[in-house]
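K.L.:
Dropping a prediction and its sequence here:
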Amino acid sequence: MAKESFDKEIQFLRMLMLTSGAYNRQQFAERLGISVHTFDKTTRRLKDIAAATSSQSNAEALDLLDAVRHTYYETTDPILLFLFRAKSLKESESTRISIILEVLHEQTMTAVELMDVCSSVMPAELSMPDEKTIRSDLKYLEAVGAIRKESTTRPYRYRLHNDLLRELSEDELTDLFDFVNVMANTQVPSVQGYLLQDGLKKQLKHILPEDNSFVDSFLYKYHYHSRILDEVHLFTLLRAIRDRRRVQFLYFTPKAEKSYTAQQTNPLFERQGAGKQLKTFPLKIVYDHQYGRWYLLGMDREGIRKFRMEGMTHIEEAEAVSEEVYERKTVELMEKLKTSWLIDTGKPIKVRARFYNPSSGEQHNFIKHRVLLQGQWGEIVEEDEESFIYVISVNGIYEIKPWLRSFGSSCEVLEPRQLRHEMIEEWKELHAYYESI
């Protein structure tokens, strides 16, 4: 699958999860920035992938939404893992890599021997690999830890690197699967955890074919599908930050009418899309736990720039910059973020709020515990039996407001006056919703 197609299907599945069938074909295509024909083609391709990875025997009965649906009582593979499967099923090298891994599971082999095996086993409709292609596959598999060199002299012999799975007992593998299951679904980022969980699940199903109870040990609901989908871009951007390289991408703001547009390869049919072609020097990636969003912070000629990762498509690395420039821009950014609740770089404002303790019957003061845990660099300056006052200097009031509001009646904003007034108006609006009918 081409990288552009992968971007499109990320946005396709994001809208599918958010709308849950509320759009018809025309509305869906318009919002995504593609034709109805492309919409139908993408739907068919994803249905084929869902059928290929589903245990249901009747593939025609499998609904695409069911394949990616998440409920409190159903646990399915993460939607990002679904996309990685989609990518692998559509790339020609997937067949070749599968053959290499299967052969190396049985014995050690050299690159030339693997080339001969692939040439004799691969389907006729696929192009036969040369030695350079096989060596490239081996280099990739070695880099990701799937295989390792068995010999230190040429010609190198390779073997499958599955020592961990072979040395652990069934109980130890089950315990490891449970641990990875919990960590992958509760920690950020989760990409490698999902892939490791998938590998362990396949291994356990292989050695315990009659007992699949371990699969349903834990049930989760994914509140933020964007978090899972956006992680596909995370490591590309982290690599660019590590290598001090600029990135260029097509960006769609959250208010844009479209969330994706195909790149035009024919200049006769080139059209202006809703996205904007941008280039920036990435410096920091921030995750917003409140809303489950990823942000990229970078710098360009206009100064500090902030981008929602869900609106970034067609990401490519560009030219590198010197270490001196990187250090200078990083110091400048961190100075601006020194008193930022999340990514705000505005002028610092002093926020003062009173938090009311739980009733006297409560043994644990969960309000104070949460404030101390999540309140970042703020501090408690006054305290009595009924309440305590929390003070923090933070860039702007926009980002801290949802956190304060989440305490409900247990929090009263004292300063600044503007924030207090906004909270009053919001609570009045909420009160109006609950007036007697």
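P.N.:
Received, thanks.
K.L.:
what about the closest residue in space to D300 that isn't next to it in sequence, how many residues close to it?
P.N.:
Spatial nearest neighbour of D300, chain neighbours left out: T280 (4.8 Å); criterion: C-beta to C-beta, 6 or more residues apart in numbering. In short, each C-beta sits where N, CA and C put it, glycine included. T280: 23 surrounding residues under other C-beta atoms under 10 Å.
K.L.:
can you list contacts of the helix or strand harbouring D116?
P.N.:
Using DSSP states H and E, D116 sits in helix 111-121. With contacts defined as C-beta atoms under 8 Å, 6 or more residues apart in numbering, helix 111-121 is touched by 96, 99-100, 103-104, 109, 128-131, 134-135, 138, 155-156, 158.
K.L.:
farthest pair in these?
P.N.:
The largest separation in the contacts of helix 111-121, counting by C-beta to C-beta, is between M128 and Y156 at 21.9 Å.
K.L.:
V191 contacts D230, correct?
P.N.:
No: using C-beta atoms under 8 Å, V191 is not in contact with D230; the gap is 10.4 Å.
K.L.:
Looking at the two, which is more packed in?
P.N.:
D230 (25 against 17).
K.L.:
which residues does the more buried one contact?
P.N.:
Counting by C-beta under 8 Å, 6+ apart, D230 has contacts 293-294, 309-310.
K.L.:
Closest one of these to W377?
P.N.:
R293 (22.1 Å).
K.L.:
just checking, the closest one touches K306?
P.N.:
No: if you go by C-beta under 8 Å, R293 and K306 don't touch, sitting 11.0 Å apart.
K.L.:
out of the two, which sits in the more crowded spot?
P.N.:
Shown here are R293 and K306; by other C-beta under 10 Å, R293 has more neighbours (19 against 15).
K.L.:
among the contacts of helix 111-121, who's most crowded?
P.N.:
I100 leads those on contacts (other C-beta under 10 Å) with 26 neighbours.
K.L.:
what helix or strand is it on?
P.N.:
Counting by DSSP H and E, I100 is found in helix 93-106.
K.L.:
can you state the direction angle for that helix and helix 111-121?
P.N.:
Here helix 93-106 runs at an angle of 120 degrees relative to helix 111-121 (axes from the mean of the first three to the mean of the last three C-alpha atoms, to 10 degrees).
K.L.:
Packing partners of helix 93-106?
P.N.:
Helices and strands touching helix 93-106, by 3 or more C-beta pairs under 8 Å, 6 or more residues apart in numbering; DSSP states H and E, are helix 111-121, helix 131-143, strand 147-149, strand 158-160.
K.L.:
what separates the longest one from the chain centre, distance-wise?
P.N.:
Computed by C-alpha atoms, centre = their mean, to the nearest Å, the separation of helix 131-143 from the middle of its chain amounts to 27 Å.
K.L.:
So what touches it?
P.N.:
93, 96-97, 100-101, 111-112, 114-115, 118, 129, 147-149, 158.
K.L.:
Tell me what angle that helix forms with helix 111-121.
P.N.:
Going by the same axes, to 10 degrees, helix 131-143 makes 110 degrees with helix 111-121.
K.L.:
Mind exporting the C-alpha coordinates of helix 131-143 to CSV?
P.N.:
C-alpha atoms of helix 131-143 as CSV (Å, rounded to 0.1, in the frame of the first residue of the first chain):
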residue,chain,number,x,y,z
GLU,A,131,19.8,-10.7,-3.9
LYS,A,132,19.8,-6.9,-3.2
THR,A,133,16.1,-7.1,-2.3
ILE,A,134,16.5,-10.1,0.0
ARG,A,135,19.5,-8.4,1.8
SER,A,136,17.3,-5.3,2.2
ASP,A,137,14.6,-7.4,3.8
LEU,A,138,17.1,-9.1,6.1
LYS,A,139,18.5,-5.7,7.2
TYR,A,140,15.0,-4.5,8.0
LEU,A,141,14.1,-7.7,9.9
GLU,A,142,17.3,-7.5,11.9
ALA,A,143,16.7,-3.9,12.7
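K.L.:
what mean pLDDT would you report for it?
P.N.:
Taken as a whole, helix 131-143 has an average pLDDT of 86.
K.L.:
next one: the first one
P.N.:
In this model, helix 111-121 has an average pLDDT of 88.
K.L.:
list the buried ones in that helix?
P.N.:
Applying a neighbour-count criterion of 16 or more other C-beta atoms under 10 Å, one finds 111, 113-115, 117-118 buried in helix 111-121.
K.L.:
and of those, the nearest to E317?
P.N.:
A111 (28.3 Å).
K.L.:
Direction included, what does the strand or helix carrying the residue nearest to D300 pair against?
P.N.:
According to DSSP H and E, T280 maps onto strand 276-288. Strand 276-288 has the following sheet partners, assigned by DSSP bridges: strand 245-251 (antiparallel), strand 293-300 (antiparallel).
K.L.:
Quickly find the element holding Y390.
P.N.:
Judged by DSSP H and E, Y390 forms part of strand 387-395.
K.L.:
Identify each buried residue in that strand, please.
P.N.:
387-392, 394-395.
K.L.:
And for stretch 400-419?
P.N.:
Buried-residue list, stretch 400-419, by 16+ other C-beta under 10 Å: 400-401, 403-404, 410-413, 419.
K.L.:
swap in stretch 197-204?
P.N.:
Residues 197-198, 200-201, 203-204 are the ones in stretch 197-204 that count as buried (16+ other C-beta under 10 Å).
K.L.:
Also stretch 243-257?
P.N.:
So for stretch 243-257, counting by 16+ other C-beta under 10 Å, buried means 244-247, 249-252, 256.
K.L.:
Where does confidence bottom out across those?
P.N.:
A256 (67).
K.L.:
Go ahead and produce PDB holding the CA coordinates of the strand or helix carrying E316.
P.N.:
Per DSSP H and E, E316 falls inside strand 312-320. Extracted C-alpha coordinates of strand 312-320, given in PDB (Å, rounded to 0.1, in the frame of the first residue of the first chain):
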ATOM      1  CA  MET A 312      -1.200  15.900   9.300                       C
ATOM      2  CA  THR A 313      -1.000  13.800   6.200                       C
ATOM      3  CA  HIS A 314       1.700  13.000   3.600                       C
ATOM      4  CA  ILE A 315       4.500  13.500   6.100                       C
ATOM      5  CA  GLU A 316       8.000  13.500   4.700                       C
ATOM      6  CA  GLU A 317      11.400  14.300   6.100                       C
ATOM      7  CA  ALA A 318      13.300  17.200   4.600                       C
ATOM      8  CA  GLU A 319      16.700  18.800   5.000                       C
ATOM      9  CA  ALA A 320      18.700  18.600   8.300                       C
END
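K.L.:
what residue ranges in this structure are flagged as low confidence?
P.N.:
Applying pLDDT under 70 to the chain flags residues 1-5, 20-21, 48-94, 212-226, 256-274, 360-362, 437.
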